[in-house]
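Asks: The amino acid sequence is not available; the structure is as follows:
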């Protein structure tokens with residue numbers, strides 16, 4: 001069985017068990033969408049932490065443009081199906097979007113073996129909010145941004161999965177991203 005098919009089978013089994021399980025008592029305080037949410041939005045409010053990074057703001061905006069279903073991107077690795085959401089599995093880092101110096105990646109941080117959904121509107125919101133909060137430029141340089149945060153996202157109507165997300169430069173080993181920061185193997 002190929003890995004994508006295995007993930008689909010596992011997601012189906014997990015969905016059935018989640019739907020049969022009682023909701024945890026902590027979900028009342030969580031601001032998140034329920035099962036009737038639009039498919040492009042699955043997560044509640046986010047935390048934000050500034051990171052000095054060399055991701056260019058223009059590249060991050062182009063990355064968002066490329067993720068748009070209208071541009072042939074979005075959803076499940078951007079295969080042009082017009083999808084508006086991604087399935088995030090466990091603490092495995094997943095790159096959602098990437099353009100030149102800007103990448104957006106995430107993973108489930110709680111529970112580390114959890115499955116959560118991330119919508120295109122969730123990605124757009126945290127990238128644009130990060131740009132508004134943290135963009136900076138040295139004299140004569142283009143504006144740059146780097147950030148990370150967490151939000152509570154849902155899967156099968158169960159809104160208790162924490163996704164950690166990062167805006168980083170994939171070519172910068174000092175940036176927060178794969179090969180450094182939370183994904184460092186050293």
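Replies: Sure thing, it's come through. Owing to the predicted nature of the structure, the values given are computational and were not obtained by experimental measurement. Residues are numbered from 1 along each chain as shown.

Asks: And what about residue 141, helix, strand or coil?
Replies: Residue 141 falls in the coil class when you classify it by DSSP: H, G, I helix; E, B strand; the rest coil.

Asks: quick one: pLDDT of it?
Replies: In this model, residue 141 is scored at 89, pLDDT.

Asks: Now do residue 118 against residue 166, distance only.
Replies: 13 Å (C-beta to C-beta, to the nearest Å). For the C-beta atoms, the positions are set from N, CA and C on the backbone; glycine is no exception.

Asks: Same question for residue 45.
Replies: 17 Å.

Asks: These two: who's more crowded?
Replies: Neighbour totals were compared for residue 45 and residue 166, and residue 166 leads with 27 against 14 (other C-beta atoms under 10 Å).

Asks: partner residues bridging that one?
Replies: Using DSSP bridges, the beta-bridge partners of residue 166 come out as residue 105, residue 148.

Asks: which stretches of this structure form strands?
Replies: With DSSP state E as the criterion, the chain has strands at 43-46, 49-56, 85-89, 94-99, 102-110, 115-119, 144-155, 158-168.

Asks: Take these and lay them out in a markdown table including mean pLDDT.
Replies: Formatted as a markdown table, these follow (pLDDT from 0 to 100):
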| stretch | mean pLDDT |
| --- | --- |
| strand 43-46 | 92 |
| strand 49-56 | 86 |
| strand 85-89 | 87 |
| strand 94-99 | 92 |
| strand 102-110 | 94 |
| strand 115-119 | 89 |
| strand 144-155 | 93 |
| strand 158-168 | 90 |
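
Asks: between those strands, which gets nearest to residue 131?
Replies: strand 144-155 (5.3 Å; C-beta to C-beta).

Asks: which strands and helices sit next to that closest one?
Replies: Other elements packing on strand 144-155 under the criterion 3 or more C-beta pairs under 8 Å, 6 or more residues apart in numbering; DSSP states H and E are helix 3-20, strand 43-46, strand 49-56, helix 57-67, strand 115-119, helix 120-134, strand 158-168.
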